[in-house]
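**Q** give me the fold of what follows.
(chains A, B, C and D)
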There are 2 protein chains.
Amino acid sequence: MNTAKRKRLESKGWKVGTAEEFLSFSPEESAYVELKLALSKTLQETRREKKMTQEQLARLLKSSQSRVAKMELSDPSVSLDLLVRSLLALGTSRKNLVRMLA
Amino acid sequence: MNTAKRKRLESKGWKVGTAEEFLSFSPEESAYVELKLALSKTLQETRREKKMTQEQLARLLKSSQSRVAKMELSDPSVSLDLLVRSLLALGTSRKNLVRMLA
DNA sequence: ACAACATATGTCAAATTTGACATACTGTCA
DNA sequence: TGACAGTATGTCAAATTTGACATATGTTGT
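**A** Below is the predicted model:
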């Protein structure tokens, strides 16, 4: 959603020090973050099942190791788009994709 | 998934005149496009069920009528991200979201 | 402890996506 | 016909996302 400020709160759940922001998320923000978390987790699981390193996956995706790491950590700088495309590139079928989200 | 060139092929299925590009899509590209199409369709259906105009939905999403139109047309310039966030903002539950994709 | 490998984190220029605007198109009603 | 509401399409500056790089932090075997 909008500002990059809030994004810093997303991934890990909260940040302790930053006293200024202790806003709760709207339902749709939560749902969005949860979706991303589910996909991240699935991506990591899938990669591990295939016995690949982040580096190898990065090559497959024409991306970089650091971005793969961020994907698996559900970093705020990673879009749903990238996560979905990566899973698809790993051969995840739509059916499986849907199952993992359910 | 790279170049913006291919993107032009995405939405409608193909473009007649542009003889240069007649490349077929890889399975994951197809899956990606199909996902977007499913979401677009759902977005339009949901909006209509709620008897909203694109303009009204745009206001709700803090976007613009033209972008809503592009979303519903699954324009290549629209990300999965935006589609999902819009559906969530419309109150679509994760459960429903998943069902529409299945 | 030291390598060697894997993963995490920060930064940044380049690429993509976004809202906004103008404007065109498509009905529909009088 | 013409006015109006709704939708489509093209463009563009601003915002966000991306791959790449450097570097830090594990982790495992010797």
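**Q** A:Ser63: which element?
**A** Using DSSP states H and E, A:Ser63 falls within no helix or strand.
**Q** and for it, the neighbour number?
**A** By other Cβ atoms under 10 Å in any protein chain shown, the residues close to A:Ser63 number 18. (Each C-beta comes from the backbone N, C-alpha and C, glycine too.)
**Q** from A:Ala89, how far out is it?
**A** Using Cβ to Cβ, to the nearest Å, we find A:Ser63 at a distance of 10 Å from A:Ala89.
**Q** how about stretch A:65-84, does it reach DNA strand C?
**A** Yes. Remark: stretch A:65-84 sits within contact range of DNA strand C at A:65-66, A:69-70, A:72-73, A:77, A:81, by Cβ under 7 Å from any atom of the strand.
**Q** show me these that map onto strands.
**A** Assigned to strands by DSSP state E, none of those qualify.
**Q** phi and psi next, for A:Val78.
**A** Phi and psi for A:Val78, reported as degrees, to the nearest 10, are phi -110, psi 130.
**Q** then A:Ser74?
**A** In terms of degrees, to the nearest 10, the main-chain angles of A:Ser74 are phi 60, psi 40.
**Q** tell me the contacts of the nearest residue to it once chain neighbours are set aside?
**A** The shortest distance from A:Ser74 to any non-neighbouring residue, by Cβ to Cβ, 6 or more residues apart in numbering or on different chains, is to A:Ser40 (4.0 Å). Applying Cβ atoms under 8 Å, 6 or more residues apart in numbering or on different chains to A:Ser40 gives the contacts A:71-74, A:78, A:83.
**Q** can I get the helix or strand hosting A:Ser40 in PDB? Just the C-alpha atoms.
**A** Counting by DSSP H and E, the element that carries A:Ser40 is helix A:27-49. What follows is helix A:27-49, C-alpha atoms only, in PDB (Å, rounded to 0.1, in the frame of the first residue of the first chain):
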ATOM      1  CA  PRO A  27      -7.300  -6.200   7.500                       C
ATOM      2  CA  GLU A  28      -6.300  -6.000   3.900                       C
ATOM      3  CA  GLU A  29      -2.800  -5.000   4.800                       C
ATOM      4  CA  SER A  30      -2.500  -8.000   7.100                       C
ATOM      5  CA  ALA A  31      -3.900 -10.300   4.400                       C
ATOM      6  CA  TYR A  32      -1.400  -9.000   1.900                       C
ATOM      7  CA  VAL A  33       1.500  -9.500   4.300                       C
ATOM      8  CA  GLU A  34       0.300 -13.000   5.200                       C
ATOM      9  CA  LEU A  35       0.000 -13.900   1.500                       C
ATOM     10  CA  LYS A  36       3.500 -12.900   0.900                       C
ATOM     11  CA  LEU A  37       4.700 -14.900   4.000                       C
ATOM     12  CA  ALA A  38       3.000 -18.000   2.700                       C
ATOM     13  CA  LEU A  39       4.600 -17.600  -0.700                       C
ATOM     14  CA  SER A  40       8.000 -16.900   0.800                       C
ATOM     15  CA  LYS A  41       7.800 -20.000   2.900                       C
ATOM     16  CA  THR A  42       6.700 -22.100   0.000                       C
ATOM     17  CA  LEU A  43       9.500 -20.800  -2.100                       C
ATOM     18  CA  GLN A  44      12.100 -21.700   0.400                       C
ATOM     19  CA  GLU A  45      10.600 -25.100   0.900                       C
ATOM     20  CA  THR A  46      10.500 -25.800  -2.800                       C
ATOM     21  CA  ARG A  47      14.100 -24.700  -3.300                       C
ATOM     22  CA  ARG A  48      15.300 -26.900  -0.500                       C
ATOM     23  CA  GLU A  49      13.300 -29.900  -1.800                       C
END
